[in-house]
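*Asks:* Would you be able to build a 3D model of this:
(one chain, ligands or ions: 1)
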Amino acid sequence: MKACTLTRRRFVKAAGLGAAAMALQDRAAAAPEAPGKRLNVLWVMSEDISPDIGCYGTPLVHTPNLDRLAAEGTRFAHAFCTAPVCSPSRSAMITGMYQTTIGAHHHRSHRKDGYRLPEGVRLITDHLRDAGYYTCNVTTAAPGVRGSGKTDFNFQCEKPFDGTDWKDRKEGQPFFAQLSLGVTHRSWAGARAWAKQAGLLVDPDKVKVPPYYPDLPLVRDDWAHYLDSMGCMDDQAGKIIQRLKDEGLYDSTVIFFIGDNGRCDVRGKQWLYEGGISIPLIVRWPGVTRPGTVSNDLVLAIDISATILAIAGVDVPPRMEGQVFLGPGARPPREFVVAARDRCDETVDRIRCVRTKKWKYIKNFMPERPYTQPNAYKERSYPVLNFMKQLQAEGKLSAVQALFMAPTRPPEELYDLEADPYEVSNLAARPEHQETLKSLRAILEKWIKDTDDKGQYPEKPEAAEGGLGAASAEKKADAPPAKGKKK
Ligand SMILES: [Ca+2]
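*Replies:* The predicted structure follows:
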């Protein structure tokens, strides 16, 4: 998809316009086409994907529908989830709050303890319902396509959605639909079967393996299998878009497409490297997004939550941490984003990161523990992890590959993402980068204080016990989809 080659931003820059004018034109854009008419919102989230889609520059994948969506709307090059794993990330998105603020930060820790959201924090669907919207978590997405219906909220709540299909709304009622696509979740069996039939299997010999992985057949195969899932997911996204068109809703519906967390791999899902927190974000907002634009603004997934309220004409609650990032009422772009990793299943950890456009600062609060702490889910689901452990024991990893196998972690990591996009050269101890380190450390410390990051407090034993069931739940989610069944 080459429509993104000359972005509006680059064009404005080339034309010599000032930064302020550029920001105004890019972000405030035009008013919606039909003032007064309330737009529908469709929020599609695909499981466990990094921006590995054609329009993001990924070769070998076949994603014509999402590439077209990006050509008709805006692609965000710097979008991030607030947590690199499902339940904290989705808890944040549905509330517009950092999971660390609302006590939902330990993955699936509140399944048995009746934990409820703090006073004054509501689901965006509650706000939307009050505003007259029909809310649904779509299962019957389009002919031949099922949404997984997953919520995975790490708190108890009643009736987060009104139904499972926007067709059940009242006549003339606007809708908010959330839709989870599960085909990109490991084990990718259903997606690969689709790709094989379509003649779109990715050739493992052609994939580009990150330098922190050993370039060996098992790794190439696993990476190619992940990329295989993109084509099937894109096909499903295309069918959903076609349904909107068939129903005459395409130009009255704002579409957000994202991943719920990064790819399910070593240094991906469950960690705060780019593979874990960087997600695709494509927005088509009729009358607001300009075709084929690319935005380099830093956006958090919780900013989508706030923006959806704005689309619906709902005042964003002052307490909401997500901020409107697009359209009328857009706030100035973020100068940094923060993401957090806490206990996942049986594996206790606390990691925080601050990311600017250039820098990534990571704080390991438990540096005495290795990156590769024992974790049943990851040991079962990440073949590359087990393979790398074996190669490490045999002394066959390069220095860069061995970084992640170290028995302990540095308390702080600092990466220059422009010079080192794979985050393998930790600059935290370099004298010339101490000012940068100090300023990012200060940002994190202030954020922890300002948001009252709940990760700083000990977990209640009953919640910790509840989280141990998460591994078996994830195992169920990993099962290959049965033909014709929910994927
Ligand atoms: Ca996920």
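
*Asks:* how about Cys86, what does it touch?
*Replies:* Cys86 makes contacts with Glu47, His107, Arg108, Lys150, Asp152, Asp260, Asn261, as judged by Cβ atoms under 8 Å, 6 or more residues apart in numbering. Heads up, the C-betas are built off the backbone N, CA and C, glycines and all.

*Asks:* What residue in the stretch 201-350 of the chain comes nearest to the ion?
*Replies:* Closest approach of the stretch 201-350 of the chain to the ion (Cβ to the ion) occurs at Asp260, with a separation of 4.3 Å.

*Asks:* can you tell me which residues contact that residue?
*Replies:* For Asp260, the contacting residues are Met45, Ser46, Glu47, Asp48, Cys81, Cys86, Ser89, Arg90, Met93, Ser180, Ile279, by Cβ under 8 Å, 6+ apart.

*Asks:* so can I have a markdown table of those residues showing pLDDT, distance to the ion and secondary structure?
*Replies:* Formatted as a markdown table, the contacts of Asp260 follow (pLDDT from 0 to 100; distance: Cβ to the ion, whole Å; DSSP: H, G, I helix; E, B strand; the rest coil):
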| residue | pLDDT | distance to the ion | secondary structure |
| --- | --- | --- | --- |
| Met45 | 98 | 8 | strand |
| Ser46 | 98 | 9 | strand |
| Glu47 | 98 | 5 | coil |
| Asp48 | 98 | 5 | coil |
| Cys81 | 98 | 9 | coil |
| Cys86 | 97 | 4 | helix |
| Ser89 | 98 | 7 | helix |
| Arg90 | 98 | 8 | helix |
| Met93 | 98 | 11 | helix |
| Ser180 | 98 | 9 | strand |
| Ile279 | 98 | 10 | strand |
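
*Asks:* Name the residues that touch stretch 422-434?
*Replies:* Contacts of stretch 422-434 (Cβ under 8 Å, 6+ apart): 210-212, 267, 273-274, 360, 400, 403, 410, 412-417, 419, 437.

*Asks:* What about the residues you listed, which are in helices?
*Replies:* Glu274, Val400, Leu437 (DSSP state H).

*Asks:* From those residues, list just the buried residues.
*Replies:* Among these, those classed as buried by 16 or more other Cβ atoms under 10 Å are Glu274, Leu437.

*Asks:* Enumerate every residue touching the nearest residue to Gly114 once chain neighbours are set aside.
*Replies:* Once flanking residues are discounted, Gly114 sits nearest to Gln156: 5.5 Å by Cβ to Cβ, 6 or more residues apart in numbering. Listed by Cβ under 8 Å, 6+ apart, the contact set of Gln156 reads His110, Gly114, Tyr115, Arg116.

*Asks:* Could you count how many residues lie near the nearest residue to the third one once chain neighbours are set aside?
*Replies:* Translated: Tyr115. Closest residue to Tyr115 in three dimensions, ignoring its sequence neighbours and counting by Cβ to Cβ, 6+ apart: Phe155, at 5.2 Å. Residues near Phe155, counting by other Cβ atoms under 10 Å, number 23.

*Asks:* Would you agree Phe155 is in contact with His105?
*Replies:* No - using Cβ atoms under 8 Å, Phe155 makes no contact with His105, being 11.0 Å away.

*Asks:* Look up phi and psi at Val294.
*Replies:* In terms of degrees, to the nearest 10, the main-chain angles of Val294 are phi -130, psi 130.

*Asks:* Spell out which residues make up each domain of this structure.
*Replies:* Domain segmentation of the chain under automatic domain parsing yields 8-27+38-334, 351-472.

*Asks:* which of those domains sits most buried?
*Replies:* domain 8-27+38-334 (a mean of 21; mean count of other Cβ atoms under 10 Å).

*Asks:* Tell me where the model's unsure across the chain.
*Replies:* 1-36, 465-487 (pLDDT under 70).

*Asks:* Would you mind measuring from the residue located most distally from the centre of it to the ion?
*Replies:* The centre of the chain is farthest from one residue, Glu394, which by Cα atoms, centre = their mean lies 35.2 Å away. For Glu394, the distance to the ion equals 32 Å [Cβ to the ion, to the nearest Å].

*Asks:* so which pair among the contacts of Asp260 is furthest apart in space?
*Replies:* Asp48 and Met93 (14.7 Å; Cβ to Cβ).

*Asks:* Show me what from the stretch 1-150 of the chain comes close to the ion.
*Replies:* Glu47, Asp48, Cys86 (Cβ under 5 Å from the ion).

*Asks:* quick revisit: what's the closest of the ones in helices among the contacts of stretch 422-434 to Cys353?
*Replies:* Nearest member of those to Cys353, counting by Cβ to Cβ, is Glu274, at 10.0 Å.

*Asks:* pretty sure Arg75 is touching Ser295, no?
*Replies:* Yes - between Arg75 and Ser295 there is a contact at 7.3 Å, judged by Cβ under 8 Å.

*Asks:* Dihedrals phi and psi, the closest residue to Glu335 other than its chain neighbours?
*Replies:* Closest residue in space to Glu335, ignoring its immediate chain neighbours: Thr356 at 6.5 Å, by Cβ to Cβ, 6+ apart. Backbone torsions of Thr356, given as degrees, to the nearest 10, read phi -110, psi -170.

*Asks:* Next: Gln156.
*Replies:* Gln156 adopts backbone torsions of phi -90, psi 140, taken as degrees, to the nearest 10.

*Asks:* who wins for proximity to Arg341 among the domains of the chain?
*Replies:* Per Cβ to Cβ, nearest to Arg341 of those: domain 351-472, 4.3 Å.

*Asks:* what about the residue nearest to Glu335, distance to Ser278?
*Replies:* Going from Thr356 to Ser278 by Cβ to Cβ, to the nearest Å gives 14 Å.

*Asks:* Now do the strands in the stretch 251-400 of the chain.
*Replies:* Using DSSP state E, counting those that start in this stretch, the strands of the stretch 251-400 of the chain run over 253-259, 278-284, 293-300, 337-341, 351-355, 359-364.
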